[in-house]
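Visitor: below are the sequence and a predicted model; questions follow.
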Amino acid sequence: MHLSGALVVVSILVALSFDFINGFHDAANSIATVVSTRVLSPKLAVLWAAVFNFLAIFLGTAVAKTISSGLVDPHQVTQYVILAALAGAIIWDLLTWWWGLPTSSSHALIGGLAGAAIAKAGWQVLVREPKLHWPIIGTIPGLGAKWMSTLIFIVLAPLAGLAIGLTLMVLVSWIFKKSAPRKVDGLFRKLQLLTAAAYSLGHGSNDAQKTMGIIAGALMVGGYLTPGEFASGWGPFKWAIILSAQAAIALGTYFGGWRIVHTMGSKITKLRPVGGFCAETAGAITLFVAAYAGIPVSTTHTITGAIVGVGSTSRLSAVRWGVAKRIVWAWVFTIPAAAMVAAVTFWIIRFFVPNA
């Protein structure tokens with residue numbers, strides 16, 4: 001096998017490793033609520049989430065196309081840029097997993113991709129066209145539409161989760177205000193199985209697609225996909241890319257990280273089945289809308305906002321704002337931290353491979 005072919009294989013294996021770590025790191029997103037409310041045992045919960053992560057295979061690839069060509073100029077991407085980007089994302093994911101912080105694997109990958117590409121070709125490598133145009137606000141200056149949408153949704157996704165979760169919790173509380181608490185708990189224990197499945201579908205439809213975009217980019221750079229095939233649906237590699245990425249994230253979810261489950265499921269606020277139902281529903285709605293629009297949002301940010309929204313309906317003191325503050329600071333640092341690690345990794349690679 002030629003060096004270029006070997007690099008393609010290495011890039012794909014590292015990408016699938018990141019996908020596994022993504023599922024491992026973000027398992028809490030899919031199962032924290034259903035575990036903390038004791039609707040399912042931890043083992044059954046991760047199996048439930050993993051199955052529906054995989055079934056998201058049928059929900060399209062709009063987010064993958066954003067990652068593969070909507071954020072950085074694909075003509076400046078090499079196998080070494082891809083490897084450095086993945087290194088930045090993986091290292092940040094592992095550090096935040098160790099610290100027990102539910103940060104975004106999606107934003108770690110986006111930051112890694114930007115940092116490695118900028119280290120190679122400068123700031124102009126970031127895609128700046130077309131511009132984002134909103135009906136009332138008009139054209140938003142700055143980066144291209146996909147970058148602006150991604151950055152805006154860093155704020156909007158948790159706020160949407162919070163608003164929808166809070167609204168659902170208020171509505172459900174009003175509808176069932178005269179019902180016996182035990183009867184309500186019994187009903188929402190059953191309903192939580194459906195909402196946990198919906199949230200896991202949303203998780204799979206958004207997070208696994210980032211890896212698909214990276215793998216497709218590696219195949220194009222290596223000459224295994226033509227630019228036309230890359231742009232139109234990945235040619236003969238389409239289903240191999242989709243199946244491998246979905247399988248990797250599903251396996252990662254199955255072997256999920258319990259440190260973050262503990263933070264998400266009990267440290268932010270205490271949840272009952274009705275609260276878990278509302279939080280999961282709010283998260284799933286936000287993720288499905290984002291996946292349809294091709295916006296790579298953070299599943300972590302979304303469910304955290306939803307949990308905070310649900311918890312705040314009883315009283316503001318029910319939310320442990322100190323824990324929430326630590327999580328928000330980790331969100332702020334994710335893209336720049338992953339970008340810096342990726343840039344340093346690329347510079348190290350270039351020291352040994354000058355034409356990287």
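Guide: Cool, the structure landed. Numbers count the residues shown, from 1 in each chain.
Visitor: I'd like to know how many residues surround V9.
Guide: 13 (other C-beta atoms under 10 Å). For every residue, glycine as well, the C-beta is placed using N, CA and C.
Visitor: which pLDDT value goes with K120?
Guide: Per-residue pLDDT puts K120 at 93.
Visitor: whoops, V328 was the one
Guide: Model confidence at V328, given as pLDDT, is 69.
Visitor: part of a helix, is L143?
Guide: No: counting by DSSP: H, G, I helix; E, B strand; the rest coil, L143 is not part of a helix but coil.
Visitor: now it. Nearest residue, chain neighbours left out?
Guide: Using C-beta to C-beta, 6 or more residues apart in numbering and skipping the chain neighbours, the partner closest in space to L143 is R128 (5.7 Å).
Visitor: for the one you found, helix, strand, or coil?
Guide: Applying three-state DSSP: R128 is coil.
Visitor: pretty sure it contacts K146?
Guide: No: the pair R128 / K146 is not scored as a contact, 10.1 Å apart, by C-beta atoms under 8 Å.
Visitor: those two: who's more crowded?
Guide: Neighbours per residue (other C-beta under 10 Å) separate R128 from K146, with K146 holding more: 20 against 16.
Visitor: you'd agree V170 is up against S312?
Guide: No: with contact defined as C-beta under 8 Å, V170 does not reach S312; the gap is 10.5 Å.
Visitor: so for the two, which sits in the more crowded spot?
Guide: Of the pair V170 and S312, S312 is the one with more neighbours under other C-beta under 10 Å, namely 18 against 14.
Visitor: so the more buried one versus A279, what's the distance?
Guide: 12 Å (C-beta to C-beta, to the nearest Å).
Visitor: likewise for T103?
Guide: 19 Å.
Visitor: neighbour count: the two, which is higher?
Guide: For T103 and A279, the more surrounded residue by other C-beta under 10 Å is A279, and the numbers stand at 37 against 29.
Visitor: would you map the helices across the protein?
Guide: Residue ranges of the helices in the chain, as given by DSSP state H, are 3-25, 27-36, 42-55, 62-65, 79-99, 105-121, 145-175, 181-221, 227-232, 238-254, 258-262, 273-293, 299-311, 321-352.
Visitor: lowest-confidence stretch among the ones you listed?
Guide: Looking at the helices of the chain, the bottom one is helix 258-262 with a mean of 53.
Visitor: A114 touches L71, doesn't it?
Guide: Yes: here A114 reaches L71: they are 6.8 Å apart, a contact under C-beta under 8 Å.
Visitor: what touches both of these two?
Guide: L126 (C-beta atoms under 8 Å, 6 or more residues apart in numbering).
Visitor: number of residues surrounding the residue nearest to W347 when sequence neighbours are not counted?
Guide: In this structure, W347 finds its nearest non-sequential neighbour in A119, 5.9 Å apart by C-beta to C-beta, 6+ apart. If you count neighbours by other C-beta under 10 Å, A119 ends up with 24.
Visitor: would you confirm that A119 contacts A84?
Guide: Yes: the pair A119 / A84 is scored as a contact, 7.2 Å apart, by C-beta under 8 Å.
Visitor: overlap in contacts of these two?
Guide: A342, A343, F346.
Visitor: the last one: neighbouring residues, count only.
Guide: So the one you mean is F346. Neighbours of F346 (other C-beta under 10 Å): 26.
Visitor: who are the contact partners of it?
Guide: Contact analysis of F346 by C-beta under 8 Å, 6+ apart lists Y80, V81, A84, G115, A116, A119, K120, A356.
Visitor: farthest-separated two in the residues you listed?
Guide: By the measure C-beta to C-beta, G115 and A356 form the most distant pair in the contacts of F346, at 14.3 Å.
Visitor: which one's more surrounded, the two?
Guide: G115 (28 against 19).
Visitor: what's the closest non-adjacent residue to that one?
Guide: A339 (3.0 Å).
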